[in-house]
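Trainee: curious how this folds, go ahead:
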Amino acid sequence: MKVAGEASSTISSEGPMDSPFIVHGSGARIHVYCVYGEDAVSGEDVEEDALTTKPTTGDWALSMPVPEEDLEWTNKALKGKSTRVTARASGEGLAESKAAASTAASGLSINEAEFYKP
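Mentor: Residues are numbered from 1 along each chain as shown. Next up is the predicted model:
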């Protein structure tokens with residue numbers, strides 16, 4: 001609720017149509033896109049699946065896509081309200097350093113040799 005204003009601003013900019021909100025941390029990475037215009041009314045071609053777990057359990061963070069011109073003020077506003085919610089420029093993915101830090105914080109590691117084994 002503390003970041004509702006910033007999240008609402010992001011949604012109204014229609015940035016999440018092409019760049020998702022990303023919830024990441026101790027569980028699966030969740031990408032949330034928004035649907036606008038007639039697609040939102042008709043619901044056609046919209047894929048909605050129920051979540052099997054609560055993504056905000058344990059160590060989690062949320063990255064919001066915002067227009068480049070709003071990035072600085074949004075991050076300043078978020079910094080004073082939450083340590084878990086950050087903003088990134090629309091069109092940019094989640095910085096891998098953040099993703100790696102989340103994975104490291106959860107104590108998980110990936111054995112790449114085993115992962116890529118045929």
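Trainee: quick one: Thr74 is in a helix?
Mentor: Yes. Counting by DSSP: H, G, I helix; E, B strand; the rest coil, Thr74 is found in a helix.
Trainee: what residue lies at the spatial centre of this structure?
Mentor: Closest to where the C-alpha atoms of the chain average out (Cα atoms, centre = their mean) is Ile22, at 1.4 Å.
Trainee: so who does that one touch?
Mentor: Applying Cβ atoms under 8 Å, 6 or more residues apart in numbering, we find Ile22 in contact with 29-32, 62-63, 94. (C-beta placed from N, C-alpha, C; glycine too.)
Trainee: is it bridged to anything, and to what?
Mentor: His31, Ser63 (DSSP bridges).
Trainee: helices and strands of the chain: which one bottoms out on pLDDT?
Mentor: Ranking every helix and strand in the chain by mean pLDDT, DSSP states H and E puts helix 96-105 at the bottom, with a mean of 49.
Trainee: what comes up buried for the next helix-or-strand element following it?
Mentor: Under the assignment DSSP states H and E, the closest C-terminal helix or strand after helix 96-105 is helix 112-115. Within helix 112-115, no residue counts as buried by 16 or more other Cβ atoms under 10 Å.
Trainee: swap in stretch 84-95?
Mentor: Going by neighbour count (16+ other Cβ under 10 Å), the buried part of stretch 84-95 is 85-88, 90, 94.
Trainee: do stretch 34-43 as well
Mentor: By neighbour count with 16+ other Cβ under 10 Å, stretch 34-43 contains the buried residues 34-35.
Trainee: and it, how far out from the chain's middle?
Mentor: 20 Å (Cα atoms, centre = their mean, to the nearest Å).
Trainee: next one: stretch 18-26
Mentor: The answer for stretch 18-26 is 2 Å, by Cα atoms, centre = their mean.
Trainee: put the alpha carbons of that stretch into CSV.
Mentor: Output in CSV follows, covering the C-alpha atoms of stretch 18-26 (Å, rounded to 0.1, in the frame of the first residue of the first chain):
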residue,chain,number,x,y,z
ASP,A,18,5.4,-4.3,-23.1
SER,A,19,7.6,-4.3,-20.0
PRO,A,20,6.4,-6.4,-17.0
PHE,A,21,6.4,-5.8,-13.3
ILE,A,22,8.9,-8.4,-12.1
VAL,A,23,8.6,-10.1,-8.7
HIS,A,24,11.7,-12.1,-7.8
GLY,A,25,13.4,-13.6,-4.8
SER,A,26,13.1,-16.9,-3.1
